[in-house]
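Visitor: With the input below, show me the fold.
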Amino acid sequence: MTERVPFTDVYVDDEIVERATDVLESTRYVKGPELETFEENFAEECGVEHAVGVSSGTAAILLSLRAVGVEAGDEVFVPGNTFFATVSPVLSVGATPVFVDIDPETYTMDPADLEAKVADAANPAAILPVHIYGQMADVEAITTIADDHDLSVVADSCQAHFAERDGQIAGTAGDAGAFSFYPSKNMTVGGDGGMLVTDREDVAETARKIRNHGRDENGVHETLGLNYRLDDLNAAVGDEQLKHVQGWNAARVEVASKYTDRLSDVAPVTTPTEAPDSTHVYHLYVVQVPPDEREAFRDFLDERGIDTGRHYETPAHQHPAVQDHPAVAGELPTLPETERLYERNVSLPMHPRLSESEIDRVCEAIEAYFE
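Guide: Take a look at the predicted model:
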């Protein structure tokens, strides 16, 4: 029986196992040297002053919002096209998410719609752009809007490790950036994990306190916090994966290029568009197909041993947890480009170890479906 083409995979080698074993044998599992090393190396790779290891990408967003001073009653601008973990921290700090439509080419936050909604806002505080699927949002336009209106910028970079646009690395434009190391991401740890990056010492210091029950270096609890720590076992795995991620990103780009070349003549399929002066790192390879064909298309590929996904099934602004939340008042907006994408999106298998034969299988099945 032919093996399936997996949607993603997780890389583990002898060096990762050895680092993990060393941590286990050390019995130093929390707030130890492995975390410090990982933070230093990640900050250096990003080109920022500070990196703060935390328990998840969601925690990185939450701590970033708190550290830049977002409070109850503030408005935070988020795109409709994102995983719910972008929105839940906004609601958790008592702020109101203001949903922004997307650029139909890049699927990232549309600066024109953002500017219009900032102008109409009563209490704007921060912009939370998402570097989605591995491609950065238009950070130059977004930070210009932020500067004009004295807003903070927290970049959700959870799907875009070391993507670039206009000479800037994901997560480094603005006040803080948040990364996820969930097992399907471009780089991972030994489970869940995240990282907050910033050039602002005050943001880093506040985040370090909040992740450890609001406690300072002298054991005084200066603010309210919880346990959002990244443990040393996960940090050790992450530090090993950090050595490989740039090579893996290059391999993802190569896979994406082969998909795009092969599928460019399949008229019903819309392949991803890369913004000018950018490096898309293809956490996901998302195509669009006719909405009335999507589920039959996915079933066809499934029957041929090819895994696919939908990212995501419901736009962020349409979840009941948003619509029923007391911080969200009034009728939620219609986001036509976001909603159009969600009727058509299909994610194809994407990881750096996809073989030539697996790419051929995927493309041949797509070609066969639309013949």
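Visitor: distance of residue 345 from residue 102?
Guide: Residue 345 sits 12 Å away from residue 102, going by Cβ to Cβ, to the nearest Å. To be clear about C-beta, it is placed using only N, CA and C from the backbone, and glycine gets the same treatment.
Visitor: shaky segments in this structure?
Guide: Within the chain, the stretches with pLDDT under 70 are 1.
Visitor: Geometric centre of it: which residue is closest?
Guide: Among the residues of the chain, the one closest to the centroid is residue 158, at 2.4 Å (Cα atoms, centre = their mean).
Visitor: What ranges does the stretch 101-250 of the chain have for its helices?
Guide: Shown for the stretch 101-250 of the chain, the helices assigned by DSSP state H, counting those that start in this stretch span residues 111-120, 139-149, 201-210, 232-242, 245-263.
Visitor: most packed of these?
Guide: Of all these, helix 232-242 carries the top mean neighbour count, a mean of 25, counting by mean count of other Cβ atoms under 10 Å.
Visitor: From the contact counts, what lies against that one?
Guide: Secondary-structure packing of helix 232-242 (3 or more Cβ pairs under 8 Å, 6 or more residues apart in numbering; DSSP states H and E): helix 14-26, helix 33-46.
Visitor: Can you give me the buried ones in the first one?
Guide: Okay, so that is helix 14-26. Going by neighbour count (16 or more other Cβ atoms under 10 Å), the buried part of helix 14-26 is 16, 19-20, 23.
Visitor: for stretch 177-188, same thing?
Guide: By 16+ other Cβ under 10 Å, the buried positions in stretch 177-188 come out as 177-182, 184-188.
Visitor: Can you tell me which of those is nearest residue 234?
Guide: residue 181 (7.4 Å; Cβ to Cβ).
Visitor: Would you mind putting the helices and strands packed on helix 232-242 into a markdown table with distance to residue 329 alongside?
Guide: Formatted as a markdown table, these follow (distance: least, Cβ to Cβ, whole Å):
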| stretch | distance to residue 329 |
| --- | --- |
| helix 14-26 | 48 |
| helix 33-46 | 37 |
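Visitor: Nearest to residue 89 among the helices of the stretch 101-250 of the chain would be which one?
Guide: helix 201-210 (11.9 Å).
Visitor: could you dump that closest one to CSV, C-alpha only?
Guide: What follows is helix 201-210 as a C-alpha-only set of coordinates in CSV (Å, rounded to 0.1, in the frame of the first residue of the first chain):
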residue,chain,number,x,y,z
GLU,A,201,13.9,46.8,27.7
ASP,A,202,10.8,47.8,29.6
VAL,A,203,8.6,45.4,27.5
ALA,A,204,11.1,42.6,28.1
GLU,A,205,11.3,43.3,31.8
THR,A,206,7.5,43.4,32.2
ALA,A,207,7.0,40.2,30.2
ARG,A,208,9.6,38.4,32.3
LYS,A,209,7.7,39.4,35.5
ILE,A,210,4.3,38.5,34.1
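Visitor: Run the angle between it and helix 33-46 for me.
Guide: 150 degrees (axes from the mean of the first three to the mean of the last three Cα atoms, to 10 degrees).
Visitor: who's in contact with helix 201-210?
Guide: Helix 201-210 is contacted from outside by 49-50, 52, 54, 63-64, 66-68, 175-176, 196, 198, 215-216, 222-226, 228, using Cβ atoms under 8 Å, 6 or more residues apart in numbering.
Visitor: where's residue 361, which helix or strand?
Guide: Element membership for residue 361, per DSSP states H and E: helix 356-369.
Visitor: Tell me which other helices or strands that helix touches.
Guide: So helix 356-369, by 3+ Cβ pairs under 8 Å, 6+ apart, packs with helix 245-263, helix 294-303.
Visitor: Ok, which of the ones you listed comes nearest residue 166?
Guide: helix 245-263 (17.8 Å).
Visitor: ok, then the element right after the closest one?
Guide: Downstream of helix 245-263 (by DSSP H and E), the next one is strand 278-279.
Visitor: Which strands or helices does that next one pack on?
Guide: Under the contact rule (3+ Cβ pairs under 8 Å, 6+ apart), strand 278-279 is packed against strand 164-165.
Visitor: Partner strands of the strand it packs on and their direction?
Guide: Applying DSSP bridges, strand 164-165 is found paired with strand 168-169 (antiparallel), strand 278-279 (antiparallel).
Visitor: Please indicate which of the ones you listed has the most neighbours on average?
Guide: Most buried among the strands paired with strand 164-165, counting by mean count of other Cβ under 10 Å: strand 168-169, with a mean of 20.
Visitor: can I get the helices of the stretch 101-250 of the chain in a markdown table with distance to residue 4?
Guide: Listed next are the helices of the stretch 101-250 of the chain as a markdown table, based on distance: least, Cβ to Cβ, whole Å:
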| stretch | distance to residue 4 |
| --- | --- |
| helix 111-120 | 40 |
| helix 139-149 | 38 |
| helix 201-210 | 41 |
| helix 232-242 | 24 |
| helix 245-263 | 17 |
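Visitor: wait, which of these is closest to residue 323?
Guide: Using Cβ to Cβ, the nearest of the helices of the stretch 101-250 of the chain to residue 323 is helix 111-120, at 18.0 Å.
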